[in-house]
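Student: how would this look folded up:
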Amino acid sequence: MEEINAKISVVQERVRRLSGFSGISFESYLKDYTTRDAVERNIEVAIQACIDLNVA
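Tutor: Presented below is the predicted three-dimensional model:
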C-alpha cells in the first residue's frame, strides 16, 4: 500500500507542476525548448507512475 501511495503522490506532484504552465500559449510553448522539455518530462514521469500503479 505504501508503494501505491508513493506513486499516487508522484502523479499528483507532476500534475501540480504541469498546472504552472497553464498560462502559456501554445505558440510560446512551441518556441521555448526549455518549457517543452519540462512539460514533456513531467508528463512522462506521471505516465510512468500510472503504469507502475498498474503493475503494483
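Student: CA atoms for contacts and neighbours, from now on please.
Tutor: Fine.
Student: what stretches of this structure score poorly on pLDDT?
Tutor: 56 (pLDDT under 70).
Student: repeat the analysis, applying 90 as the threshold.
Tutor: Within the chain, the segments meeting pLDDT under 90 span 1, 54-56.
Student: list the contacts of the longest helix anywhere in the chain.
Tutor: Longest helix in the chain by number of residues (criterion: DSSP state H): helix 33-55. Here helix 33-55 makes contact (C-alpha atoms under 8 Å, 6 or more residues apart in numbering) with 4, 7-8, 10-11, 14-15, 17-18, 21, 29-30.
Student: filter these to the buried ones?
Tutor: 4, 7-8, 10-11, 14-15, 18 (16 or more other C-alpha atoms under 10 Å).
Student: re earlier: for the longest helix of the chain, buried residues please.
Tutor: Neighbour-count burial for helix 33-55, counted by 16+ other C-alpha under 10 Å, picks out 39, 42-43, 46, 49-50.
Student: off-centre distance for it?
Tutor: How far helix 33-55 lies from its chain's middle: 4 Å, per C-alpha atoms, centre = their mean, to the nearest Å.
Student: thinking again about what came up before, want to throw the buried ones among the contacts of helix 33-55 into TSV with secondary structure?
Tutor: Listed next are those as TSV, based on DSSP: H, G, I helix; E, B strand; the rest coil:
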residue	secondary structure
I4	helix
K7	helix
I8	helix
V10	helix
V11	helix
R14	helix
V15	helix
L18	helix
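Student: farthest pair in those residues?
Tutor: Greatest spatial distance in those: I4 and L18, 21.3 Å, computed using C-alpha to C-alpha.
Student: how far away is the residue lying farthest from the centre of the chain from C50?
Tutor: Distance from the centre of the chain peaks at M1, with 21.9 Å (C-alpha atoms, centre = their mean). Per C-alpha to C-alpha, to the nearest Å, M1 is found 15 Å from C50.
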